[in-house]
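[1] any chance you can model this:
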Amino acid sequence: MSADRDPAFTAQVLLIRPAAFGFNPETAASNGFVRADHHDDLAVTARREFDAMVDTLERADLSPLVWHEPDGPARPDAVFPNNWISTHPGGDVHLYPMAAASRRLEVDHHLVDLLRRRFHVREVIDWTHHAAHGRYLEGTGSLVLDARRRLAYACESSRTDPGLVHAWATRADYTPILFAAHDAAGRPIYHTNVVLCVGHGFTACGLALVTEPDRPRLRAQLESGGELIELDPPQIDHFAGNMLQLQDRRGAPVLVLSRTALDALRPAQRHALERHTTLLPVAIPTIEAVGGGSARCMLAELFLDPA
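    Next up is the predicted model:
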């Protein structure tokens, strides 16, 4: 594995330490990964898992920036910031329209102001007004980006509007690649990043969940970008698709995934991934089960240069 720095990947990530983490019935309607749980200590347990994850990232020579969920209305999914904000080389920051009203409260302009003070921000592109018209695009949950090839993969769902995908891709100079995928119950996969991970020299994808008309086209596109590691539906259910490749401060590739996801991988799949990157597992079972998202959802990459 090369330690040459790749501008498509970063060591810097933003995480939101949760205050009011818990089961959100509003988002559970479209998220087949959520498991209802109403225990009183959920938020405490989630913070414990979060703090351990941050410690793991720091010890792996990554650079986590931790922002604390502010006081005010409950934001049970605030631990997943990549859905409402993304940053990009050159200084662009995008803010996204969220499908659930409770999640629109997560868009935190005080955090944006902090980024402006610490980093060079050229422009803030605000898409959030589209939510008022029933059009949603949930950040790098909806969009899985191959920044090296300027490709934006998007799985159509109630949270991912095809028109906004095309508009975003035009604005950011990406080529959109839309497809459809469904879970075992026939529901659209709610976020692209639970079924697809794009790394340097490899992709991991739950192709069996992609509809037959789209599958050959998507397979060919993914294989053209490197080694394709196919994930089966039970592995997707265990968040094996919800991984994010970063690079540490020395430029070495690191793939962050949950312990649940790692345990779901077969030995040959682990070895395939390890040909390209170091695996960095984090234990976040409560956040996964109750929030319906995993390691990738907790990480918003910071591609901004210091101010």
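
[2] please, where are all the strands along the stretch 151-300 of the chain?
    Using DSSP state E, counting those that start in this stretch, the strands of the stretch 151-300 of the chain run over 151-155, 175-179, 196-198, 202-205, 227-230, 244-247, 253-258, 278-282, 300-301.

[3] those strands: which one's closest to Gly91?
    Closest approach to Gly91 among these (CB to CB): strand 300-301, 13.9 Å. All C-beta spots, glycine's among them, are computed from the backbone N, C-alpha and C.

[4] show me what that closest one pairs with in its sheet, parallel or antiparallel.
    Counting by DSSP bridges, the strands paired with strand 300-301 are strand 12-17 (antiparallel).

[5] ok, back up a step: and Gln12, which of the strands of the stretch 151-300 of the chain is closest to it?
    Per CB to CB, nearest to Gln12 of those: strand 300-301, 7.1 Å.

[6] what is the mean pLDDT for the closest one?
    For strand 300-301, the mean per-residue pLDDT is 98.

[7] which one, of the strands of the stretch 151-300 of the chain, ends up nearest to Arg270?
    Going by CB to CB, the one of the strands of the stretch 151-300 of the chain nearest Arg270 is strand 278-282, 7.0 Å.

[8] ok, Thr87 - contacts?
    Residues in contact with Thr87 (CB atoms under 8 Å, 6 or more residues apart in numbering) are 93-94, 115, 119, 300-304.

[9] looking at the strands of the stretch 151-300 of the chain, which is closest to Trp67?
    strand 300-301 (9.6 Å).

[10] give me the contacts around the closest one.
    Outside strand 300-301, the residues touching it (CB under 8 Å, 6+ apart) are 10, 12-15, 81-82, 85-87, 139-140, 244, 246.

[11] any idea how far it is from the chain center?
    Its chain's C-alpha centre and that of strand 300-301 lie 8 Å apart, by CA atoms, centre = their mean, to the nearest Å.

[12] returning to that earlier point: and the contacts of Thr87, which two are furthest apart?
    Taking CB to CB, no two of the contacts of Thr87 sit farther apart than His94 and Phe119, at 14.4 Å.

[13] so for the two, which residue has more residues nearby?
    His94 (22 against 18; other CB atoms under 10 Å).

[14] Thr10 touches Leu304, doesn't it?
    No. Counting by CB atoms under 8 Å, Leu304 is not a contact partner of Thr10; they are 9.2 Å apart.

[15] ok, these two, which is more surrounded?
    Leu304 (23 against 20).

[16] what's near enough to touch the more buried one?
    Counted by CB under 8 Å, 6+ apart, Leu304 has contacts 12, 87, 91, 93, 115, 119-121.

[17] before we move on, what about Cys155?
    So Cys155 contacts 142, 178-181, 188-189, 191-192, 195-196 (CB under 8 Å, 6+ apart).

[18] just the pLDDT for the nearest residue to it once chain neighbours are set aside.
    Nearest residue to Cys155 in three dimensions, chain neighbours excluded: Thr192, at 4.2 Å (CB to CB, 6 or more residues apart in numbering). Listed pLDDT for Thr192 reads 98.

[19] check contacts around Thr192.
    Thr192 touches 141-144, 153-155, 160, counting by CB under 8 Å, 6+ apart.
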